[in-house]
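S.K.: The following comprises the amino acid sequence and a computationally predicted model.
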Amino acid sequence: MTEETKTMRGLEAIRLAIEEEMERDDSVFLIGEDIGRFGGAFFVTEGLLDKFGSERVRDTPISENAILGCAVGAAMVGMRPIAEIMFADFLTVCMEMIVNQAAKARYMYGGQISVPVTIRVPFGTGIMGAAQHSQSFESWFMHVPGLKVVLPSNARDFKGLMKTAVRDNDPVIFFENKRAYYQTGEVPLDKNFTIPFGQARKFTEGDDVTIVATGAMVLESINAARKLEAENIHCEVIDPRTLVPLDKDSILNSVEKTGRLLIVDEGCKTCSVSAEIAAIVAEEGFHFLKKRIIRLNTPNVPIPYSPNLEKAIIPNAKLIQENVKKLT
Amino acid sequence: MTEETKTMRGLEAIRLAIEEEMERDDSVFLIGEDIGRFGGAFFVTEGLLDKFGSERVRDTPISENAILGCAVGAAMVGMRPIAEIMFADFLTVCMEMIVNQAAKARYMYGGQISVPVTIRVPFGTGIMGAAQHSQSFESWFMHVPGLKVVLPSNARDFKGLMKTAVRDNDPVIFFENKRAYYQTGEVPLDKNFTIPFGQARKFTEGDDVTIVATGAMVLESINAARKLEAENIHCEVIDPRTLVPLDKDSILNSVEKTGRLLIVDEGCKTCSVSAEIAAIVAEEGFHFLKKRIIRLNTPNVPIPYSPNLEKAIIPNAKLIQENVKKLT
Amino acid sequence: MKKDELPKDLSSDELINLYKKMLLIREFEQRITKDTGKIKSPLVHAYTGEEAIAVGACAAINEDDYITSTHRGHGHFIAKGGDINSLMAEIYGKEGGICKGRGGSMHVADFSKNMLGANGIVGAGPPLALGVALASKMRNEGKVVLTFFGDGAANQGMLHESMNLAAIWKLPIIFVLENNKYGWSTPVDYATVIKDLSLRAQGYGMKGFTIDGNDVIEVYKTIKEAVDIARKGGGPTLIECKTYRWQGQTTMDADKYRLTEEKEEWKRKCPIEKFKIRLIKNEVFDRAIIQKIGEDTLEQIDQSVKITKKSPKPDINTVLDDIYKNPMNLGGN
Amino acid sequence: MKKDELPKDLSSDELINLYKKMLLIREFEQRITKDTGKIKSPLVHAYTGEEAIAVGACAAINEDDYITSTHRGHGHFIAKGGDINSLMAEIYGKEGGICKGRGGSMHVADFSKNMLGANGIVGAGPPLALGVALASKMRNEGKVVLTFFGDGAANQGMLHESMNLAAIWKLPIIFVLENNKYGWSTPVDYATVIKDLSLRAQGYGMKGFTIDGNDVIEVYKTIKEAVDIARKGGGPTLIECKTYRWQGQTTMDADKYRLTEEKEEWKRKCPIEKFKIRLIKNEVFDRAIIQKIGEDTLEQIDQSVKITKKSPKPDINTVLDDIYKNPMNLGGN
Ligand SMILES: Cc1ncc(C[n+]2csc(CCOP(=O)(O)OP(=O)(O)O)c2C)c(N)n1
Ligand SMILES: Cc1ncc(C[n+]2csc(CCOP(=O)(O)OP(=O)(O)O)c2C)c(N)n1
Ligand SMILES: [Mg+2]
Ligand SMILES: [Mg+2]
């Protein structure tokens, strides 16, 4: 049976997922700044106001705590809100509702309730956003028990994981990579298409080096792996897709095969996603390792404005190639 | 030359450091909730209002963003404020001023200014604080370039590092472990006593296993190491004391000697301090390692209220002993 | 003695119930305070002195209406009809607690009663209340939300965002400001310039009232009015209830920052005593009934302590339960 | 033509300077908009139409007084006396930029002029301004702070905390609310119920005024009064300046959410045109001078573009500089 698909950009795949879920379930609604008539800073929600009306596509004032309060509170009494925080960088003004409320309500209230909220957050570099519009904060939320953390890298996964997020009964923070918004891919049109949390995706097969990458770094890694094929170096590129839950098995199985691990993520290096993955492998897959682990990250620097400076610090295919070779 | 010291509790050592720095430098002032007449939730600032007056010991309304705005803004124009956020858990309501302002101002404004602010934050378990009064968020701030992150484990270091923090020209977030508040130690009375950032402290010497621990876990590790001595297992207990900058050399040198590494920190496991240290050693000290790395953390769970539940999840000397043995 | 005006929509039984509830809260907090040494937590906040607010307010709403609470939540819990046995057990950190010992005093919640939780973060209740009110509105439930918060919380940024949002969307929510004159040690007249915090309502185009929070009937009436408006789609109201906490900030607080005279003055304005006298004056009850209520109340509390003592400590093997509702899929691909 | 009242404390030169500055901002933004394709950043916010606020406000303070700005900061930068060459170069991301190309449009700052920075986070300026005002007060500098923010920012929690704190401590700070009717695409009358946002001042016990933000003289006078009060220890004032942004939210915004009529209506209220006519009427200058100013302004801007083009891209080897002031000690023990 062949899957019916359509080519679309990442941001359209998210929109499609949201649209389908809103049609399926009346308790799903959207809330955020400029998501209605304007269609959202990245136009992800464009057209949804016309389709679903202003009750279910709720524009708000610039009050991120109130946005998330609406979303988390409504979820506590059975709604399935999808809130948008316009840039990941603005999470700094509204951590409270996510970290101390959504993440903890179920546990600290003794399991009385669940909080089926989805929080959508565009993140990452690539638009000259400078220090306050380019950040990658996903590792902060991995550190907060009670949250699920999703970070797709491509259009197909955007759709499948967004649908799972909306249907999940726990709070999900859904990181949307800005560069991935604009990359096209084949997206299944089946309304029942979902991707379970906790399943990594392997993009290439190989015996030599395991590359674990997230977000925009997945494509860079795939490109690097393709180039390296020509030099007879065969890499497995693995995208965890969800960071909590994290599919450790896929990573460890690959490292068992290759004995070599390179991790690439766009967050600043210290205490990033790559730190956790390196630590897991150093703990649970140490005996597989033939070489040291290498992490490629944005160095510990605020993101600069000038494109040539920004480019100089974000890992790319070339840097990945060079570092894979260091391991072989 | 013998050092003149006095026995005091951790919280008194901090107070002494603050008092000395306020005497030394007029631009140092305190700001926070209930820090004046009340003396602070943990009584760290008790007596300072009487000594320095309400201009320099500023009680505030419950407005954490305004507190940090005052501190960061004043630092931008040359003051040296010390702000208190009553519990680390409340950082969720005021991340903005730390993460997007203090940490980035110097860089994003092209080096025009520096931000010599110190932000004091009690953290950790041990007082039946439950999910919203017990957290350890230090790894979040390690992930934010531009900040320095200090986390002393004992009275002596509290004093020496607090003084350095106040004198440092960059924003410092100073994590104060609640348990360490109440432990006594010998504290130098010399007003010029300071401890430089980026120098770990080694508490015990040994060839068998390196234990890197922070905060309350340092004492647990020392206790474990003492017990293990009896079984002829010799551990090096290393406390990094400052997490940014981190004294990698001391850790790597020790691992070079022992080939075995256990990391103990009180933060929830994923993307914690221990993740970063494990990752660094897996990257830069892999060839020294004879065994897998072990991390001991609070598991990924909100902190429960009931003391027996809390005790069940926080690493302790016994657990450390058991895990050291797994490595030998 | 002369009769005065009591609300006509309340029967004698209902009036007596107000008294009973206030007394139950009072005696509950007294017991908790006495047991501080056994409970051990330094973060238990007693509601003593403020009983008229929770009781008057909750009497003005239906059982299926919602409330959000604060760190000082025992009173709200009891007023909303929560069971004191599971409340007591929770504060003691026992398995039989309403949150199975995971939450403690600052997180007591009874979702079966639509008591949506005490909260350890000052100011975090109102944003959550927005969402609850929004859900009620979107589902046409006709339910309202009371969101309690303190004079200290009033200066939190989240409050401002919440009041504005509630106002623009005309959400069915009542902001119940418990002005007990202090935020921890900080006097409200240090923390803000204005005398009546209800003035802030104007800045959001919302109605605001300041009332005597020690008069359970005044609280009841004012909240009732606001609730009626909210239920009809008229939007939110801010109601500042002036009151005073009799005890320290926590049951362990030495409370050195407040003058004895001030405390004594407010004790003379005891909401329970005041109401008792009024009910007697109006011949709603008499000394004999009062005596009986007093005994029953103490009996109830003794009972809850007994039950609590029998309740085991939470099983440490369950410590990782209830973090997530949907189990985590960790399969390979 | 009939003369009207112009402030007596401003000389003709000073009045002409107000005009020049407004025009410089206008032409600067026009150039930036024209150059959008070259600049490439989608996050450049033009101040066109709002010039009277920055210029009038900054004219009312001394050179060593402080301002904090917003994401829409070019106008504030120029009004406070910043150099347009380093501003232009910054927006182009060049080494010669005031922030060496690290900050860009949203982070332009000139600390030598006490222009303490544009800011990418809506609402983040006012809390920082508190600290600056506090420093000024503690050091008895007598300096005041103007903190600019938008109608959108007014609903951020941080604003509320800041106004309250400024009021209780009587800090020398003026809250300059630039109400341009929209926060991005969101109309202010959707985002809040009240008509005049200055009403909120009452909730903090602060004075509040709503004025015509397109009248540079009215802005000047009102701010001046507030500054005098603040300098004398009388505390903060909130001043809402009604205005309109002529361009889209950013230089790349298609601006489909606003009606053409509305835009046209506001263009007829052009602050520069209005002021020009007034100055002519009052014989402060004439067409010849105006012509000359116009030419000089364009010349200045051409010049800055030329300088910018000559400025190299930032050296990538410096990308890790300036993160910390005190070098990191990483020594062993
Ligand atoms: C965000 C936050 N800041 C500070 C605290 C510490 N704290 C707990 S209760 C309290 C005082 C609250 O005052 P108020 O809102 O008036 O309530 P009351 O205690 O008087 O009932 C403070 C400062 C907290 N829990 N959360
Ligand atoms: C905390 C935060 N939320 C949202 C944004 C995105 N954003 C940038 S400008 C803007 C509109 C601001 O409106 P206003 O304060 O009225 O200023 P104006 O743009 O009209 O000058 C928004 C929503 C942001 N930068 N920061
Ligand atoms: Mg209070
Ligand atoms: Mg605006």
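M.R.: Okay, I see it. All figures in this text were calculated on a predicted structure; none of them were measured in a lab. Ligands and ions are numbered 1, 2, ... in the order given.

S.K.: Direction included, what does the lengthiest strand in chain A pair up with?
M.R.: The residue-count maximum for a strand in chain A (DSSP state E) belongs to strand A:261-268. Here strand A:261-268 is paired, per DSSP bridges, with strand A:209-213 (parallel), strand A:294-298 (parallel).

S.K.: Give me the contacts around the first one.
M.R.: Taking contacts as Cβ atoms under 8 Å, 6 or more residues apart in numbering or on different chains, the residues outside strand A:209-213 that touch it are A:153, A:220-221, A:224-225, A:233-240, A:251, A:254-255, A:257-258, A:260-265, A:274, A:277, A:320, A:324, A:327-328. C-betas here are computed from N, CA, C, even on glycine.

S.K.: Name the helix or strand for the residue most central in space within chain C, please.
M.R.: Geometric centre of chain C, nearest residue: C:His76, 2.7 Å, by Cα atoms, centre = their mean. Element membership for C:His76, per DSSP states H and E: helix C:74-79.

S.K.: and that helix, what other elements does it pack with?
M.R.: helix C:12-34, helix C:51-59, helix C:84-91 (3 or more Cβ pairs under 8 Å, 6 or more residues apart in numbering or on different chains; DSSP states H and E).

S.K.: Out of these, the one nearest ligand 1 is which?
M.R.: Nearest of the helices and strands packed on helix C:74-79 to ligand 1, taken as Cβ to the nearest ligand atom: helix C:51-59 at 10.3 Å.

S.K.: Next, the angle helix C:12-34 makes with that closest one.
M.R.: Here helix C:51-59 runs at an angle of 130 degrees relative to helix C:12-34 (axes from the mean of the first three to the mean of the last three Cα atoms, to 10 degrees).

S.K.: And the residue of chain C that's closest to ligand 4?
M.R.: C:Asn164 (15.2 Å; Cβ to the ion).

S.K.: ok, is the host helix or strand of that residue in contact with chain D or not?
M.R.: Take DSSP H and E as the rule and C:Asn164 turns out to sit in helix C:157-168. Yes: using Cβ under 8 Å from any Cβ of the partner chain, a contact is recorded between helix C:157-168 and chain D, made by C:Gly157, C:Met158, C:Leu159, C:His160, C:Glu161, C:Asn164, C:Ala167, C:Ile168.

S.K.: Kindly tell me how buried the fifth one is, as a neighbour count.
M.R.: Residues contacting C:Glu161 under the criterion other Cβ atoms under 10 Å in any protein chain shown number 32.

S.K.: quick one, what contacts it?
M.R.: A:Pro61, A:Ser63, A:Glu64, A:Asn65, A:Ala66, A:Gly69, C:Pro127, D:Asn155, D:Gln156, D:Gly157, D:His160.

S.K.: Surely C:Cys58 touches C:Gly82?
M.R.: No: contact criterion Cβ atoms under 8 Å: C:Cys58 and C:Gly82 do not qualify, at 10.3 Å.

S.K.: Give me the more crowded residue out of these two.
M.R.: The neighbour count for C:Cys58 versus C:Gly82, taken as other Cβ under 10 Å, is higher for C:Cys58 (29 against 21).

S.K.: so where's the stretch 1-150 of chain C shaky on pLDDT?
M.R.: Along the stretch 1-150 of chain C, segments meeting pLDDT under 70 span C:1-2.

S.K.: The stretch 201-328 of chain A too?
M.R.: In the stretch 201-328 of chain A (pLDDT under 70), no residue qualifies.

S.K.: interface residues of it facing chain B?
M.R.: Residues of the stretch 201-328 of chain A lying near chain B (Cβ under 8 Å from any Cβ): A:244, A:267-268, A:270-276, A:278-279, A:281-284, A:286-287, A:289, A:291-295, A:299-302, A:304-305.

S.K.: The same query, at a cut-off of 7 Å, please.
M.R.: The stretch 201-328 of chain A comes close to chain B at residues A:244, A:267-268, A:270-272, A:274-276, A:278-279, A:282-283, A:286-287, A:292-295, A:300-302, as judged by Cβ under 7 Å from any Cβ of the partner chain.

S.K.: Likewise for chain C?
M.R.: Counting by Cβ under 7 Å from any Cβ, chain C comes close to chain B at C:40-43, C:93, C:101-104, C:106-107, C:120-122, C:152-153, C:155-157, C:183-186, C:190-192, C:257, C:313-314, C:316, C:319-320, C:323.

S.K.: In space, what's closest to C:Lys20 - neighbours in sequence excluded?
M.R.: Closest residue to C:Lys20 apart from its sequence neighbours, by Cβ to Cβ, 6 or more residues apart in numbering or on different chains: C:Ile293 at 5.6 Å.

S.K.: ok, the residue of the stretch 51-200 of chain C found nearest ligand 3 - contacts?
M.R.: Residue nearest to ligand 3 within the stretch 51-200 of chain C: C:Gly150 (3.7 Å; Cβ to the ion). Counting by Cβ atoms under 7 Å, 6 or more residues apart in numbering or on different chains, C:Gly150 makes contact with C:Thr70, C:Glu178, C:Asn180, C:Gly183.

S.K.: ditto for C:Cys99
M.R.: Here C:Cys99 is in contact with A:Met108, A:Tyr109, A:Gly110, C:Glu90, C:His107, C:Val108, C:Ala109 (criterion: Cβ under 7 Å, 6+ apart).

S.K.: Distance-wise, check the second one relative to B:Tyr305.
M.R.: Distance, A:Tyr109 to B:Tyr305, by Cβ to Cβ, to the nearest Å: 11 Å.

S.K.: Output the strands paired with strand A:261-268 as CSV; include the columns mean neighbour count and distance to B:Val115.
M.R.: Shown next, in CSV, are these (neighbours: other Cβ atoms under 10 Å in any protein chain shown; distance: least, Cβ to Cβ, whole Å):
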stretch, mean neighbour count, distance to B:Val115
strand A:209-213, 30, 34
strand A:294-298, 23, 22
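
S.K.: wait, doesn't A:Ala71 sit right on A:Ile31?
M.R.: Yes: A:Ala71 is within contact range of A:Ile31, at 5.7 Å (criterion: Cβ atoms under 7 Å).

S.K.: Might one say that C:Gly117 is in contact with C:Ser69?
M.R.: Yes: look at C:Gly117 against C:Ser69 with Cβ under 7 Å: they come within range, at 6.3 Å.

S.K.: Contacts only, for the closest residue to C:Leu116 other than its chain neighbours.
M.R.: Of all residues not flanking C:Leu116 in the chain, C:Thr68 sits nearest, at 5.0 Å (Cβ to Cβ, 6+ apart). Counting by Cβ under 7 Å, 6+ apart, C:Thr68 touches C:Leu116, C:Gly117, C:Gly125, C:Leu128, C:Ala129, C:Val145, C:Thr147, C:Phe148.

S.K.: go on, A:Gly69?
M.R.: Counting by Cβ under 7 Å, 6+ apart, A:Gly69 has contacts A:Met97, C:Pro127, C:Leu128, C:Leu130, C:Gly131, C:Ser162.

S.K.: B:Val121: which of these is nearest?
M.R.: Among the contacts of A:Gly69, A:Met97 lies closest to B:Val121 (Cβ to Cβ), at 20.2 Å.

S.K.: Ignoring the adjacent residues along the chain, who's closest to that closest one?
M.R.: Once flanking residues are discounted, A:Met97 sits nearest to A:Leu68: 3.6 Å by Cβ to Cβ, 6+ apart.

S.K.: Tell me how far that neighbour lies from A:Phe174.
M.R.: For A:Leu68 relative to A:Phe174 (Cβ to Cβ), the value is 13 Å.

S.K.: can you check A:Cys268 too?
M.R.: Counting by Cβ to Cβ, the gap from A:Cys268 to A:Phe174 is 21 Å.

S.K.: With A:Thr210 instead?
M.R.: From A:Thr210 to A:Phe174 the distance is 26 Å (Cβ to Cβ).
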